[in-house]
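1. Turn this into a model:
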Amino acid sequence: MIRIRRSAERGHADHGWLDTYHTFSFADYHDPDFMGFSVLRVLNQDRVAAGQGFPRHGHRDMEIVSYVLEGALEHQDSLGNGSTMRPGEVQLMSAGTGVQHSEFNASRTESLHFLQMWILPAEERTRPRYEQKAFAESERRGRLRLVVSPDGAGGSLTIGQDVRLFAGLLDGAERAQHALAPGRDAWLHVARGKLRLNGEALGPGDGAALQGEQALALEQGEGAEFVLWELPRD
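-> Coordinates of the predicted model:
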């Protein structure tokens, strides 16, 4: 079964400096039908104005993954990490027992566009840690590139949960396929562009829950950039 979550159905808030969409309930947005999917708790698509951002704040017992689409994301945290992320880069912060961090648009002239996704950890009260890695466009073009996994397979970032995150770019005649093992479901999010998922048309900001499906086929992309979470079945 494929259940589509259209972009316009998401929660939305425009704070001037931040234009944000919430696939699942978050902050002041509450939808009892979309509290998360499996262990995927948050999927926010944010646009941050030049020079603006999120001041230092805390997290604990959450696996936080950020993926930059456009612009530059400046990160600072209480673990001593400081970095600037650009398109195609993925950041993983395991908050564990607690971490403080800030996130700002590193540019004074250009906007920042990124995804932030939260996964419930398999274990609580673990030691906080941080990873960041760039995945070239050629690695994501016309395929599902593994970028996060529980075992760091294929050079992916290591997460404290039995999930896998894939990132891809699809255009023209390019086609990508993925098999789902028994007991696994998936959530696809189209960050921008258009594509077809098992024949279903999806546009920018659309998401889709795949439950009880054995495989997925992605095709007919039009400038599509997407992420796919492979998740344990509830």
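
2. make it CA atoms for all contacts and neighbour counts henceforth
-> Will do.

3. residues near residue 27, how many?
-> 8 (other Cα atoms under 10 Å).

4. Next, work out how far apart it and residue 20 are.
-> 11 Å (Cα to Cα, to the nearest Å).

5. same deal with residue 46?
-> On the measure of Cα to Cα, residue 46 and residue 20 end up 4 Å apart.

6. And for residue 185?
-> 26 Å.

7. Neighbour count: the two, which is higher?
-> residue 185 (22 against 19).

8. Pull the residues that contact the longest strand along the chain.
-> Scanning the chain for the strand with the most residues, using DSSP state E, yields strand 215-232. Residues from elsewhere that reach strand 215-232 (Cα atoms under 8 Å, 6 or more residues apart in numbering): 38-40, 162-180, 183-198.

9. Kindly recompute the last result at 6 Å.
-> For strand 215-232, contacts defined as Cα atoms under 6 Å, 6 or more residues apart in numbering pick out 163-172, 175-180, 184-198.

10. With stretch 28-40 instead?
-> 11, 24-25, 119-120, 234.

11. SS state for residue 19?
-> Judged by DSSP: H, G, I helix; E, B strand; the rest coil, the three-state class of residue 19 is strand.

12. That one - nearest residue in space that isn't next to it in sequence?
-> residue 47 (5.1 Å; Cα to Cα, 6 or more residues apart in numbering).

13. In three-state terms, label that neighbour for me.
-> strand.

14. how deep is it tucked in, by neighbour count?
-> Around residue 47 there are 22 residues (other Cα under 10 Å).

15. Of the contacts of stretch 28-40 - the most surrounded one?
-> For those, counting by other Cα under 10 Å, the largest number of neighbours falls to residue 119: 25 neighbours.

16. who's in contact with that one?
-> So residue 119 contacts 39-41, 63 (Cα under 6 Å, 6+ apart).

17. what about 7 Å?
-> By Cα atoms under 7 Å, 6 or more residues apart in numbering, residue 119 lies in contact with 39-41, 62-64.

18. Which of the residues you listed sits closest to residue 73?
-> residue 64 (14.6 Å; Cα to Cα).

19. and that closest one, how many neighbours?
-> 22.

20. quick one, helices of the chain?
-> Using DSSP state H, the helices of the chain run over 137-140.

21. ok, the closest residue to residue 197 other than its chain neighbours to residue 199 distance?
-> In space, and not counting its chain neighbours, residue 197 is closest to residue 218: 4.9 Å by Cα to Cα, 6+ apart. Per Cα to Cα, residue 218 is found 8 Å from residue 199.

22. again, but for residue 132
-> 34 Å.

23. With neighbour numbers in mind, choose between these two.
-> Per other Cα under 10 Å, whichever of residue 132 and residue 199 has more neighbours is residue 132, with 17 against 12.

24. Name the nearest residue to the more buried one, ignoring sequence neighbours.
-> Residue 132 sits nearest to residue 91 (Cα to Cα, 6+ apart), 4.3 Å away.

25. Was I right to think the one you found contacts residue 73?
-> No. Taking Cα atoms under 7 Å as the definition, residue 91 is not a contact partner of residue 73, at 10.2 Å.

26. Tell me, how many residues neighbour residue 55?
-> For residue 55, using other Cα under 10 Å, the count is 12.

27. what pLDDT does it get?
-> Per-residue pLDDT puts residue 55 at 96.
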